[in-house]
Structures are given as structure tokens and as C-alpha cells.
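J.: After the sequence you'll find the predicted model.
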Amino acid sequence: MTDIADLVVPPGLKGVPVADTTIGDVRGAEGYYHYREHSALDLVERCTLEQVWWLMLTGALPDEAQDEAFRAELAPLRVLDEQTLELIDREARTGVEGAPLAQLRTVLSHLATGAHPTYGATPAQVRADALRLAAATPTILAALHRRRAGLPVLDPDPALSAAGNWLWLVRGERPGEPEERAINRYLVATVDHGFNNSTFAARVVASSGADVGSAMCAALGAFAGPLHGGAPDRALDALDEIGAVDRAQAWVRERVEAGDRIMGFGHAVYTTHDPRAEMLKAEALRLGGPLADLAVAVEQVVEETLAELKPGRQLYANVEYYAGVVMEQCGIPRSMFTPTFAVSRVIGWSAHILEQAATTKIYRPAARYVGPPVRRPHP
């Protein structure tokens, strides 16, 4: 047996397979990712978020009857009870400004009270808990936003799609078809993305037999970290700082010389163009306007400048860059950009929690001790 001291493990377990999954995969060198056996971008083109949600839960796309029944199942789960709304009121009044994901964790913990431990529960019980928490997430986030802004909390509309409901709950306006389409495409494109940090966190907790709420809150804690959960608002802030395409090159040089990251560029897995960014770029141009035109022009300058300053690195626009543009075009406040990401990712976490709950093997990795020499214990 190989001694642990002889094992070569990359920092952060980068690229190390830690489990088998049937949910999906990311092929970074190919610029491709998939959900189950379907290309994710094919699903973006032809599916609603609810249809992809069904796929993630069951392994197959729904037929018309299943789609209708699933929408009907989701509708009451989106509605919050009075006790939960009271908790949201308290969080909005007393919580830290700009911390919607932390407040979401608090409310989900409340909703998860009494949830079944995944170890020993039936698959139907675990599914019900996962569906309830994921369905309530957008309503919670929108309610927190509107309470903080001094606006009335709105009830979900069962006649609207998941994407349409999100726009309605946040903005208080019925979405037009182009906006609903754009947000649906963004949400479908971000449901899952391999064994990323938050997904791994969810599975680690689920492997202990803990309840779905504990696993989902662990994922949210990881997702909120500045190195993981995306920064579409910061990417758009950077675009605002640049302001005009003729300032882009100097701006990039200043940031690189200062050792700063260029938000919205580069990806931990993709060594070519991020397919999600390419899709959202097309969506931004379809929505139109000066912001989309500026984003496209600046993207080209930034990529060319980064190629010059960091030769050998593949630093292309990632999903955050154009996600910020599309959400701005659709009237979503910047403080709600990352929460919008969470609205879709809870679906992916749910699928991984359900898959992990079907096993009984707990994650128990080892660490290599590199501290001072150990003193021999006394006999």
C-alpha cells in the first residue's frame, strides 16, 4: 500500500476524481459540458428550467403530462408561510447589508427543521425535502430583496414559468418574452457544472447522512465565497470603470501590474472559450443596446491584452462577464446577480444530494502532516 507521504495530490484536489456521477460533466479542453447525456447548451435552446429540473431529478426529460404535473407540484412549494415571512422580515431589518446568501442560509435552515436525515430516509422523503427547499429559494431571495428595499413581498404566480416568476418576484413587473427567455436560458445554463466547490461541499455533508437542508446550507456557504460563487456584479462594475473601449487596454494593464484579478475573465476548468459566455453573449446582442455593444468591444481588447501580458494563459471571457450584462438588460438589480445564480444552482445541488444519499460511503480523506517533527510519546 502506498504511504500517504508518497502520494502526489494537487492543491485543492484539482482534477482528482472523488466520486462517480450520472448527473453531468465538464470537458474544459473541449469547451463543452452536459447534464445527464444531453449537451447543456442544447437544453438551453429548447427547454424550460422546470424541464431541466425534472431531468436532473429523474434522469430523463419530461413528456407533456409529466411537465404539467411537475409545474403543478412546484407551484405550492414556492409559497412561503407566515412564520417564514416573519423571519424574512427580521433578517431584512437586522441582517448585514449585501449578504443575501447568508440570510438565505438562515431561512433555509428554518424551513429544513424536521427534515429527514438522508441516511435511513426513503428516496421519496429525500426528494420531497430537496424539492421544497429548492422551490422556495427564489421566493425567499426575492422577498429578502424587496423587504430590504422597503417594497411589498409578492406572491409567486402559478401561471408564470420559473424564469418569469423570478423576474416578477424581484422587479414587481410582468416580464416580456425577450427578458423571460434570456433569464430562462441563463438559469438553465447554470444549473450544474461538474464537481465544483459548492457541489462537493453539498455531497460531503450528504455523505454523513445529514438532512438535505444541512447539505444545501453547506453548499451555500461555499458558494458565497469570493473565489467561487461568481462575480457577475463585479464583472459589470469593471465594465463600468472602463466606460469606453479606448480605455480598456490601459485599464487591464493597470490591474495586471497591480496584481489584481480581471473579473469576468479566465476559468478554473475551461482552457478555451466558456460555452456559457458565448451563449450569453449572443443573448445580450439579441436584447441589444449600448451596454451589449460595449461589452463585446471591451471583451476583444481585454482578451488581446491579457494574451500579451500573460502569454501561455487562456484567459477568455467567462460566464460572469456576460451574465452581468444580460441581467442588467433584464432589470435585475446588481445586488441580486449572484442570488440569481443561486436560484438555478440549488437545483444542481439537489440532484447531487439525492445521488449521494443513495450511497452509504462517507467522505473521509486524509491530510499529509507537514508540521514540526512529532515528539515520541512517553511509554
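T.: Ah, there it is.
J.: Please count neighbours and contacts with C-alpha atoms only from this point.
T.: Will do.
J.: Can you work out which other helices and strands pack against the worst-scoring helix or strand of the chain on mean pLDDT?
T.: For the chain, scoring each helix and strand by mean pLDDT, DSSP states H and E identifies helix 232-242 as the least confident one, at a mean of 88. In terms of contacts (3 or more Cα pairs under 8 Å, 6 or more residues apart in numbering; DSSP states H and E), helix 232-242 is packed against helix 319-329, helix 337-357.
J.: Using JSON lines, lay out these together with mean neighbour count, mean pLDDT and distance to residue 363.
T.: Below are those laid out as JSON lines (neighbours: other Cα atoms under 10 Å; pLDDT from 0 to 100; distance: least, Cα to Cα, whole Å):
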{"stretch": "helix 319-329", "mean neighbour count": "25", "mean pLDDT": "94", "distance to residue 363": "30"}
{"stretch": "helix 337-357", "mean neighbour count": "25", "mean pLDDT": "96", "distance to residue 363": "10"}
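J.: how about the ones you listed, which one is nearest residue 12?
T.: Proximity to residue 12 (Cα to Cα) singles out helix 337-357 among the helices and strands packed on helix 232-242, at 19.8 Å.
J.: any idea where the strands of the protein begin and end?
T.: Taking DSSP state E as the criterion, the chain contains strands spanning 24-27, 32-35, 38-39.
J.: if we can go back for a sec, next, the buried residues of the least confident helix or strand of the chain.
T.: Buried residues in helix 232-242, counted by 16 or more other Cα atoms under 10 Å: 232-236, 238-239, 242.
J.: Run the chain-centre distance for that helix.
T.: Offset of helix 232-242 from its chain centre (Cα atoms, centre = their mean, to the nearest Å): 19 Å.
J.: In CSV, could you pull the C-alpha coordinates for it?
T.: The C-alpha coordinates for helix 232-242 follow below in CSV (Å, rounded to 0.1, in the frame of the first residue of the first chain):
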residue,chain,number,x,y,z
PRO,A,232,-21.3,39.0,-12.3
ASP,A,233,-21.8,42.2,-10.4
ARG,A,234,-18.1,42.8,-10.1
ALA,A,235,-17.5,42.0,-13.7
LEU,A,236,-20.1,44.6,-14.7
ASP,A,237,-18.6,47.1,-12.2
ALA,A,238,-15.3,46.6,-14.1
LEU,A,239,-17.1,47.3,-17.4
ASP,A,240,-18.5,50.5,-15.8
GLU,A,241,-15.0,51.5,-14.7
ILE,A,242,-13.7,51.0,-18.2
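J.: got a list of contacts for that helix?
T.: Defining contact as Cα atoms under 8 Å, 6 or more residues apart in numbering, one finds that helix 232-242 is touched by 248, 251, 263-264, 295, 298, 320-325, 334-335, 337-338.
J.: pLDDT of stretch 263-283, averaged?
T.: Mean pLDDT, stretch 263-283: 91.
J.: Pull the residues that contact it.
T.: Contacts with stretch 263-283, where a contact means Cα under 8 Å, 6+ apart, come from 26-32, 41, 182, 186, 189, 231-232, 234-235, 238, 292, 296, 314-323, 326.
J.: hang on, the earlier thing: of the contacts of helix 232-242, which is the nearest to residue 119?
T.: Nearest to residue 119 among the contacts of helix 232-242: residue 338, at 31.4 Å, using Cα to Cα.
J.: Show me the shaky parts of this structure.
T.: Low-confidence segments of the chain (pLDDT under 70): 1-6, 95, 97-98, 230-231, 379.
J.: Of all the helices and strands packed on helix 232-242, which one is nearest residue 204?
T.: Across the helices and strands packed on helix 232-242, closest to residue 204 is helix 337-357 (Cα to Cα), at 8.5 Å.
J.: residues making contact with stretch 291-300?
T.: Under the contact criterion Cα under 8 Å, 6+ apart, stretch 291-300 has outside partners 239, 244-245, 248, 281, 284-285, 317, 322, 325.
J.: Return the distance of the closest residue to residue 163 other than its chain neighbours relative to residue 264.
T.: Sequence neighbours aside, residue 184 is the residue nearest to residue 163 in space, at 5.0 Å (criterion: Cα to Cα, 6 or more residues apart in numbering). Between residue 184 and residue 264 the computed distance is 21 Å (Cα to Cα, to the nearest Å).
J.: between the two, who's got more neighbours?
T.: Taking neighbours as other Cα atoms under 10 Å, residue 184 and residue 264 compare with residue 264 leading, 27 against 23.
J.: Check the gap between the residue nearest to that one when sequence neighbours are not counted and residue 267 for me.
T.: Distances taken as Cα to Cα, 6+ apart place residue 321 nearest to residue 264, at 4.4 Å, with adjacent residues excluded. Applying Cα to Cα, the value for residue 321 to residue 267 is 11 Å.
J.: Could you do residue 67 as well?
T.: 34 Å.
J.: can you check residue 103 too?
T.: 28 Å.
J.: now swap in residue 203 and tell me
T.: Here residue 203 is placed at a distance of 23 Å from residue 267 (Cα to Cα).
J.: just checking, residue 255 touches residue 262?
T.: Yes. Taking Cα atoms under 8 Å as the definition, residue 255 is a contact partner of residue 262 at 7.1 Å.
J.: More neighbours: those two, which one.
T.: Set residue 255 next to residue 262 and count neighbours by other Cα under 10 Å: residue 262 wins out with 18 against 12.
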